[in-house]
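>>> Sequence below, structure please.
(chains A and B)
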Amino acid sequence: MKQFFKYIIGAFVFVIITLVVLDIVYTKIYENNVVSNKVKYLISLKNSHFDAVFFGSSRVDNHIVTSEFKKEGFSVVNGGIQGVSLKDNLLFLKMLINNNVTFERVFVQLDYVYNKSELSQTSYTEILPYFRKPVVRDFFKEEFKDYNNYYYIPFYRYAVNDYRIGFRGVVSGLFSDKRVNGVFDDYDPLYGSNKMSTCQLPNKLTENPTAFNEIKSFCKDNNIEVVYFTAPFCSKLKPTPFTKLLADKISNYKDYSTLYKDDSLFHNCSHLNNEGAVNFTQKIISDYFTK
Amino acid sequence: MLFNSIEFLCFLFVVFILYWLVFKKSIKLQNALILVASYVFYGWWDWRFLSLILLSTLVDYTIGLQLKNTEKQIKRKYLLWGSLLFNLSLLAFFKYYNFFIDNWIVAWEALGITMHRSTLNIILPVGISFYTFQTLSYTIDVYRNKLKATTDFVAFASFVSFFPQLVAGPIERASNLLPQFYKKRVFNYEIAKNGIALIVWGLFKKIVIADSCAVYANAIFEDYHSKDSLTLILGGVYFAFQIYGDFSGYSDIAIGTSRLFGFDLMRNFNYPYFSRDIAEFWRRWHISLSTWFRDYLYIPIGGSRGSRLKQLRNVIIIFVVSGFWHGPNWTFVIWGLLNALYFIPLLLQGKNRQNLDEIPTNRFGFPNVKVLFQIVSTFMLTTVAWVFFRSETLFDAFEYLKKIVLFEDFKFLKFLSIERYAIELIPILFLLVVIEWFSKEKEHPIMGKYVLFKLYVVILLIIVFGVYSNPSDFIYFQF
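As a prediction, this is how the structure comes out:
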């Protein structure tokens, strides 16, 4: 029996060592591989100053053309990530501040995301390799029910999110030298114009917009000026009082939802194509960045 | 409690310690511990259904004692029928009630008579098909005087509910398992080590092979309308490996766990996808069920004796019943029937027992072209049958196969655009086939030389390639 227990303990020790080693290896690979996605790009920003940072979902990622700002002499970060929520935006905002990235202003895109307070799986799984950083760890402490598993069990974060940051993610990170968007300027353009289908914003605002309130108070505590805006929709946007309610509630809010009547500027009803994005960026520059 | 869960690991550890360190001096206490542990294990899903196991145990135990105490053949027959009626009624009610009602109504509606639909919201007790067949084997064997009726209720109850194989087999014969509860168990280091290796190999097949394939197979079968031919073919192949990894993985864990407690369960899988014909496949796949049906159904109704017509009838009966055992759906019945159709030509040619020997290989260990062709074609036939097994309805199964045959929109790259394990899965399956091929003379691959090294490699593979984000239940739990 003693021999058997030794055998089991040996296997158990092997499992623990494997978990620890794999955790270290995966983390090192993620930390050191090339900037291959927006999350990685935002994390890579350190000790720098920008005129503005834009946060939002694909409606920022596909809409804010950073090269247009450069032409005008402004430095801007497009922090829009496909499918994320305001909660994710808050996490990335905290990370930038933690990495000593300073900026004059933050732009936050609001639409139906205003009513949502949960983290999106897309971005949080990609940030998990950086879980040991205090700013990320502290953030997830409040968000994860199984925080202790993430904290105490090596490799747990990679195992339970294997479909994004497991073996496949590590291998593709190792062998990929592709920059997001070809030339990495953190803007992800859409081309062409599809058939527009109808779009609709909610009819009312949630009474307790937790994530929005957290962004607001975080910016206030850190003396960051925030501008909220709603990016354009196509002509098929069904009228609802949503943006009017936002405007009534938020003083520094700009509604661009009905800026364009010309649907040829749109890739689909909620996303501008490249031409529309350039146009929209110029509009923002003229509204907020005139020297 | 799932085998691939932390709860089970803790449970197993506690039971193991109590069994060998606290209760090791008394078989009765060890049996009582197994009984309590088995009821806790089962009650973890739904404690209400423990009453069913207990009832089934009490009925068959009592009938066994009655059979022991009576010589009169007519009374013995009544007792046997009582057991059959009770157990099969339980199964029929919990598993097939809605199926029969639905089909009864549909049949009348086909004749233009509308009937009131009164199906019940019945929850299927996990593992009912397995433990029912296990208790039935006891009564039948006692009736046939192949086994002495037990007077030890705890041993009998432990045999019925033995937790390693309670919910998905192997379906043990009373004549094999029950006597092991009377004997003193001595801890054997080599057997226990082998048990651990079998558990680890079973976990590999479940967590790495079956759960990875499940992601693809589910995505393809649930949206087969929009998939091209190659995707559908691969969907079938992935399901074939999913069900193999899932079910044989469960069996390996069950057998390995039993060995830790000094019990020896029957082998349930013997590398079935290396079979050279369908008859050989059924000698290697779900062996405990095939042999159960052979001994308690096929042979009693005549087996391979009598006229050709009777032989054909018997083959069709056994395969259809086997299909229906899996669940109340015509897809399972047709799956069984299809396997019968594959088998019948072999029977008619007298070739159904031609491949009883080891699979021949050349000096490098590879099969020759003929054997390879036989293996691949048998695998293809079983994969076609699996399409029926996996599909929700018969219509879906036929549409799925039709879309393959029509070869619409043949684009390999379209398949590769599926989100995860797009290209990694094919090498993993290839790896499994290679490992199993070169281990086919052994019970499982983690045997022979370098056991510790092989064990650690498999553990590493489980950690790296395992699916933990979306673990799925064992498929055979639903049966």
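
>>> Can you tell me what sits against stretch B:299-319?
Under the criterion Cβ atoms under 8 Å, 6 or more residues apart in numbering or on different chains, residues B:293, B:294, B:297, B:298, B:336, B:337, B:339, B:340, B:343, B:344, B:347, B:348 lie in contact with stretch B:299-319. C-beta: built from backbone N, CA, C; applies to glycine.

>>> if I look at the residue nearest to the third one when sequence neighbours are not counted, how far off is residue B:343?
Right, the one you point to is residue B:297. Distances taken as Cβ to Cβ, 6 or more residues apart in numbering or on different chains put residue B:318 closest to residue B:297, at 5.9 Å, once the chain neighbours are dropped. According to Cβ to Cβ, to the nearest Å, residue B:318 and residue B:343 sit 9 Å apart.

>>> Which single residue of the stretch 51-200 of chain A ends up nearest chain B?
residue A:159 (4.2 Å; Cβ to the nearest Cβ).

>>> how many neighbours does that residue have?
Other residues within reach of residue A:159, judged by other Cβ atoms under 10 Å in any protein chain shown, total 21.

>>> quick one: secondary structure of it?
helix (DSSP: H, G, I helix; E, B strand; the rest coil).

>>> which secondary structure element contains residue B:428?
Secondary structure from DSSP states H and E places residue B:428 in helix B:425-437.

>>> Now do that helix: everything it contacts.
With Cβ under 8 Å, 6+ apart, helix B:425-437 has contacts from B:205, B:208-209, B:212-213, B:216, B:237-238, B:241, B:245, B:271, B:273-274, B:365, B:421, B:445, B:465.

>>> and with 10 Å instead?
Helix B:425-437 is contacted by residues B:201, B:204-205, B:208-209, B:212-213, B:215-216, B:234, B:237-238, B:240-241, B:244-245, B:248, B:271, B:273-274, B:359, B:361, B:365-367, B:375, B:379, B:416, B:418, B:421, B:442, B:444-446, B:454, B:458, B:461, B:465 when judged by Cβ atoms under 10 Å, 6 or more residues apart in numbering or on different chains.

>>> which ones among these are found in helices?
Here DSSP state H is the test, and the contacts of helix B:425-437 give B:201, B:212-213, B:215-216, B:234, B:237-238, B:240-241, B:244-245, B:248, B:375, B:379, B:416, B:454, B:458, B:461, B:465 as lying in helices.

>>> Report the separation between residue B:100 and residue B:106.
Residue B:100 is 11 Å from residue B:106, where distance means Cβ to Cβ.

>>> which one of those two has more residues nearby?
residue B:100 (13 against 10).

>>> how close does that one sit to residue A:210?
The spacing between residue B:100 and residue A:210, counted by Cβ to Cβ, is 52 Å.

>>> so what's the residue in chain B that chain A sits nearest to closest to, chain neighbours aside?
Residue of chain B nearest chain A, by Cβ to the nearest Cβ: residue B:468 (4.2 Å). Once flanking residues are discounted, residue B:468 sits nearest to residue A:159: 4.2 Å by Cβ to Cβ, 6+ apart.

>>> before we move on, the earlier item: residues bridging contact with residue B:318 and residue B:343, i.e. touching both?
residue B:282.

>>> show me what contacts the residue sitting nearest the centre point of chain A?
Taking Cα atoms, centre = their mean, the centroid of chain A lies closest to residue A:81, which sits 4.0 Å from it. Going by Cβ under 10 Å, 6+ apart, residue A:81 touches A:37-39, A:41-42, A:55-58, A:60-61, A:88-89, A:92, A:120, A:122-123, A:126, A:188.
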